[in-house]
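1. here are the coordinates; sequence isn't available:
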C-alpha cells in the first residue's frame, strides 16, 4: 500500500485525469475541425453530443473558439485550468520542470483568451507541450510514490473517453489490465474492475466510481 495523504492522492488523481482530458480533447478538436472543413459541417455537433453537450456554431473557426474557450466545464481551457489547480495543490510532490510546463501551458491559454482568434497550428502546439508534461513525469518520478495516483487518473480518463466518444470496448479493455495493476499497487483492498455490462452508462459509472469506491475507501 502506498502511503500518501488522502487529499494529496486525490489531487494527483485529478491532475492525471485533467491532463489526459486536455490531450484527448485537443486531438479530437483538431481532427473534428478538419472534418468540418472537408467532410461534414455537423461533425462538431456530433462530437459534443456524445458527451451530452449541445454545441452550435456557424463556421469552423467558431467551432474552434467554442471548443477551446467558451464551453462551460467542457472547454480545453477549463481542463487545463483544472490540471494546473491540482498541480498547485500538489506542488511539493512534483518535479520543478513538470510543474513549470503545466503552469506555462495554463499561461499560454490565459493569454490566448484575451485574443481568442487562434489557429489550428496554435492548437497543435498544445499537443507537443502535453507530450513534454508526460515526458517529465516519466523521467523525473520513475520510482516516486506519486506516479501511481497520477497514472490511475490518466488511465481512468482515457477509458472513459474511449467508451464515451468511440464506444470502443477494445481500447477500454486494453487499459483495464493496467488500471487493475495500479489499483492493487495503491491498496491491497482494491476491488478488481471488470467491464461485462453492455450498457455504456453502467460502464462509465463503474470506471468513474472506482477510485472513490476502492482507493479512498481503503485509505
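-> That came in fine, so what should we check first? None of the values given here were measured: they were computed from a predicted structure.

2. C-alpha from now on. contacts and neighbour counts both.
-> OK.

3. was I right about residue 102 contacting residue 84?
-> Yes - between residue 102 and residue 84 a contact is recorded at 6.0 Å, counting by C-alpha atoms under 8 Å.

4. ok, now which ones touch the residue minimising distance to the centre of the chain?
-> Centroid check for the chain by C-alpha atoms, centre = their mean gives residue 21 as the closest residue, at 2.1 Å. Residues counted as contacts of residue 21 (C-alpha atoms under 8 Å, 6 or more residues apart in numbering) are 79, 157, 158.

5. residues contacting residue 131?
-> Residue 131 sits next to no residue when contact means C-alpha under 8 Å, 6+ apart.

6. mind listing what's buried in whichever strand or helix holds it?
-> Element membership for residue 131 (DSSP states H and E) is helix 120-140. Of all the residues in helix 120-140, those buried under the rule 16 or more other C-alpha atoms under 10 Å are 123, 126, 127, 129, 130, 132, 133, 134, 136, 137, 140.

7. go on, stretch 211-218?
-> Of the residues in stretch 211-218, 211, 214, 215, 216 count as buried by neighbour count, 16+ other C-alpha under 10 Å.

8. re earlier: how distant is the helix or strand harbouring the residue nearest to the centre of the chain from the center of its chain?
-> Under the criterion of DSSP H and E, residue 21 resides in helix 6-38. Helix 6-38 sits 4 Å away from the centroid of its parent chain (C-alpha atoms, centre = their mean, to the nearest Å).

9. now it and helix 120-140, what's the angle there?
-> 150 degrees (axes from the mean of the first three to the mean of the last three C-alpha atoms, to 10 degrees).

10. buried ones in the helix or strand following helix 6-38, by neighbour count?
-> Following helix 6-38 in sequence order, the next helix or strand is helix 43-49 (DSSP H and E). Within helix 43-49, the residues scored as buried using 16+ other C-alpha under 10 Å are 43, 44, 45, 46, 47, 48.
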